[in-house]
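1. Below are the sequence and a predicted model; questions follow.
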Amino acid sequence: RRLPRAREGEMVLLDASLHRWLEDRGPQFTLLGFMDDATGKVLVAEFSPTEDARGYFRLLHRLLRRFGVPLSFYGDRHSVFVRNDDFWSVEEQLAGRRQPTQFGRALEQLGITYIAAQSPQAKGRIERLWGTFQDRLISELRLAGANDSVSAQSVLRGFLPDYNRRFARRPRETQTAWRTAPENLDRICCFVHQRVVSNDNVVQWDGQRLQIPQQGQRFSFAGAKV
């Protein structure tokens, strides 16, 4: 049995729960959430259509703006967080290191260590949280008559402060481990893709052609990786 971390912000647990949160009144959602290990406080959470990098980026952005940068994240081996394939590109073989996932790259930029649990039991604290929410939160959603994502999010925003007030505990140390978040969060909590500039100084991405405007330092970026 692992002791909770001593300071708030030292470790943040992250996970998702796919469930019929609205019962028969609406569609099935996935609840994404970040929980502080030292206090048991639910830091940020939101309903999302699915468990994907976009949803986790939104939560990460909110966490960084509200609290700061934690020392570590503790989660599972979902493909959003870690590479689960065996493919190595030529560049990766030469570098002796695999490129991280989009979310993993953002954590590296922020200096956050990601710890991958080997089993659901290893992250039992946040798993038990979902069990509690599937009882208490579902009841609140039913009482409020929530039947879509907008009304469900509204109930969740009112539910979390009350839950934290009643069930969060004091950390063993009063000094927190949160670090100041950088200012360029929009350039960190995002998707980064590499492309080669064509001869007409255009970058193609996602079916679009992006013309690079004239620059003072060079005539053309043709052939450059951007």
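-> Structure received. Numbers count the residues shown, from 1 in each chain.

2. residues of the element among helices and strands of the chain having the smallest mean pLDDT that come out buried?
-> One helix or strand of the chain scores below all others by mean pLDDT, DSSP states H and E: helix 90-95, with a mean of 85. Within helix 90-95, no residue counts as buried by 16 or more other Cβ atoms under 10 Å. The C-beta positions use only the backbone N, C-alpha and C, and glycine is treated the same way.

3. Also stretch 160-167?
-> For stretch 160-167, by 16+ other Cβ under 10 Å, it's 160, 163-164.

4. what does that stretch rub up against?
-> 40-42, 45, 136 (Cβ atoms under 8 Å, 6 or more residues apart in numbering).

5. Helix, strand, or coil at the residue most central in space within the chain?
-> Against the mean C-alpha coordinate of the chain, by Cα atoms, centre = their mean, the closest residue is residue 56 at 2.8 Å. Following DSSP: H, G, I helix; E, B strand; the rest coil, the label given to residue 56 is helix.

6. Tell me the spacing between it and residue 135.
-> 25 Å (Cβ to Cβ, to the nearest Å).

7. what do you get for residue 102?
-> 34 Å.

8. More neighbours: which of those two?
-> Neighbours were counted for residue 102 and for residue 135 using other Cβ atoms under 10 Å; residue 102 has more, 17 against 8.

9. the strands in this structure, which residues?
-> Secondary structure of the chain (DSSP state E): strands at 12-19, 29-36, 42-48, 72-75, 113-116, 202-205, 208-211.

10. Quick one: the ones you listed as JSON lines, columns for mean pLDDT and distance to residue 189 too.
-> Converted to JSON lines, these look like this (pLDDT from 0 to 100; distance: least, Cβ to Cβ, whole Å):
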{"stretch": "strand 12-19", "mean pLDDT": "96", "distance to residue 189": "14"}
{"stretch": "strand 29-36", "mean pLDDT": "97", "distance to residue 189": "13"}
{"stretch": "strand 42-48", "mean pLDDT": "97", "distance to residue 189": "13"}
{"stretch": "strand 72-75", "mean pLDDT": "96", "distance to residue 189": "14"}
{"stretch": "strand 113-116", "mean pLDDT": "96", "distance to residue 189": "15"}
{"stretch": "strand 202-205", "mean pLDDT": "93", "distance to residue 189": "19"}
{"stretch": "strand 208-211", "mean pLDDT": "94", "distance to residue 189": "21"}
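
11. Which one, of those strands, ends up nearest to residue 6?
-> Of all those, it is strand 29-36 that lies closest to residue 6, at 11.8 Å by Cβ to Cβ.

12. Just the residues contacting that closest one, thanks.
-> 8-9, 11-19, 21-22, 41-51, 55-56, 59, 63, 125-126, 129-130, 133, 149, 152, 156.

13. before we move on, back to that, report the buried members of the contacts of stretch 160-167.
-> Buried members of the contacts of stretch 160-167, scored by 16+ other Cβ under 10 Å, are 40-42, 45.
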